[in-house]
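**Student:** got a structure for you, letters missing:
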């Protein structure tokens with residue numbers, strides 16, 4: 001969770017910023033948006049269904065509003 005909140009997971013956007021050549025920047029689940037931590041964990045339509053099935057949609061919605069590390073960690 002710390003790495004998610006600090007945006008240090010090895011997502012395609014981070015790997016590209018670190019100089020790695022990535023051909024396809026799209027999310028591996030939906031193939032529609034760039035793969036960022038926020039997209040993969042809270043915005044991807046495939047992942048939204050998981051949050052709903054776990055009855056945690058209210059948490060996912062709060063995470064979509066987080067813009068800082070502190071706010072993300074508070075929700076988590």
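**Tutor:** Perfect, thanks for sending it. What you see is a predicted model; the values in this text were computed from it and never measured.
**Student:** tally of neighbours for the closest residue to residue 35 other than its chain neighbours?
**Tutor:** Spatial nearest neighbour of residue 35, chain neighbours left out: residue 12 (4.0 Å); criterion: C-beta to C-beta, 6 or more residues apart in numbering. From N, CA and C alone the C-beta is placed, and that goes for glycine too. Using other C-beta atoms under 10 Å, residue 12 has 20 neighbouring residues.
**Student:** distance of residue 12 relative to residue 21?
**Tutor:** Counting by C-beta to C-beta, to the nearest Å, the separation of residue 12 from residue 21 is 11 Å.
**Student:** over to residue 46?
**Tutor:** Distance from residue 46 to residue 21, by C-beta to C-beta: 26 Å.
**Student:** give me the more crowded residue out of the two.
**Tutor:** Between residue 46 and residue 21, counted using other C-beta under 10 Å, residue 46 has the larger neighbour count: 13 against 6.
**Student:** just confirm that one contacts residue 30, I think it does.
**Tutor:** Yes - in this structure, residue 46 is within contact of residue 30 by C-beta atoms under 8 Å, at 5.3 Å.
**Student:** how long is stretch 48-63 from one end to the other?
**Tutor:** Taking C-alpha to C-alpha, to the nearest Å, stretch 48-63 runs 12 Å from one end to the other.
**Student:** how far does the helix or strand where residue 3 lies sit from its chain's centre?
**Tutor:** Assigned by DSSP states H and E, residue 3 belongs to helix 2-5. Put simply, helix 2-5 sits 10 Å off its chain's centre (C-alpha atoms, centre = their mean, to the nearest Å).
**Student:** just stretch 36-50 next, same as before
**Tutor:** So, by C-alpha atoms, centre = their mean, the centroid of stretch 36-50 is 6 Å from its chain's centroid.
**Student:** swap in stretch 2-16?
**Tutor:** Counting by C-alpha atoms, centre = their mean, stretch 2-16 comes out at 9 Å from the chain centroid.
**Student:** would you mark the buried spots in that stretch?
**Tutor:** Neighbour counts over stretch 2-16 (16 or more other C-beta atoms under 10 Å) mark 4-5, 11-13 as buried.
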